[in-house]
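Undergrad: return atomic coordinates for the entry below.
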Amino acid sequence: NASCACRYDNAHQAEEAPQGARRGALREWAHWEAQEALLWPRKRWWPAHAQDAFDKYHPGYFGKVGMRHFHYKKNPYHCPTVNIDKIWSMVGLEERKAFAKKTDGTVPLIDVTEFGFFKVIGKGKLPQQPIAVKAKLFSKQAEEKIKAAGGVCILRA
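TA: Reported below is the predicted structural model:
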């Protein structure tokens, strides 16, 4: 009875529903056939299993892609690093020799942030000469090696 004035009054149609049909399913089969007909052209020229076979040969198919970070800002994560074997090259050879001759206990202060580095990493060897290094971050190994050479690690904001 399609000419019903009230859209939501389905009491009179419940008797006409075919046996085995869902209680709320009052639409005719032609409606569902029309809905599925929208997908037929895609199914005809590109079957679903072929799409899966095509995708697996492209990078990023296997595994998860990681956590999403909405509105990723690069500035808080910017942390250029320098190894401790490169620290003395920031001072220079002449100045290093000059501080090696001093016996009053003065050591060179190297601020690595002036050279564009934020973190000092402990790769390499440090000569057995005291040095004061100022940086935002130090790795555990870098701190141990600097202190073993008689130097000091100074944190900077």
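
Undergrad: just to be sure, Ala142 is in a strand?
TA: No. The assignment for Ala142, made by DSSP: H, G, I helix; E, B strand; the rest coil, is helix rather than a strand.

Undergrad: can you give me the end-to-end span of stretch 115-130?
TA: 20 Å (CA to CA, to the nearest Å).

Undergrad: can you pull the poorly scored residue ranges out of this structure?
TA: Within the chain, the segments meeting pLDDT under 70 span 1-32, 37-54.

Undergrad: for it, what spans make up the helices?
TA: Secondary structure of the chain by DSSP state H: the helices cover 29-37, 40-45, 48-55, 93-101, 140-148.

Undergrad: what's in contact with stretch 58-70?
TA: Contacts of stretch 58-70 with the rest of the structure, by CB atoms under 8 Å, 6 or more residues apart in numbering, involve Asp55, Lys56. C-betas here are computed from N, CA, C, even on glycine.

Undergrad: burial count for the spatially closest residue to Gln141 that is not a sequence neighbour?
TA: Leaving out its chain neighbours, the residue that sits closest to Gln141 by CB to CB, 6 or more residues apart in numbering is Gly122, at 2.9 Å. Gly122: 18 surrounding residues under other CB atoms under 10 Å.

Undergrad: wait, isn't Gly122 in contact with Ser139?
TA: Yes. Between Gly122 and Ser139 a contact is recorded at 5.1 Å, counting by CB atoms under 8 Å.

Undergrad: residue contacts, the residue nearest to Gln141?
TA: By CB under 8 Å, 6+ apart, the contact set of Gly122 is Asn83, Ile84, Ser139, Lys140, Gln141, Ala142, Glu143, Glu144, Lys145.

Undergrad: out of these, which end up buried?
TA: Ile84, Ser139, Ala142, Glu143, Lys145 (16 or more other CB atoms under 10 Å).

Undergrad: any chance of JSON lines for those residues, columns distance to Thr106?
TA: Below are those laid out as JSON lines (distance: CB to CB, whole Å):
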{"residue": "Ile84", "distance to Thr106": "20"}
{"residue": "Ser139", "distance to Thr106": "26"}
{"residue": "Ala142", "distance to Thr106": "22"}
{"residue": "Glu143", "distance to Thr106": "22"}
{"residue": "Lys145", "distance to Thr106": "21"}
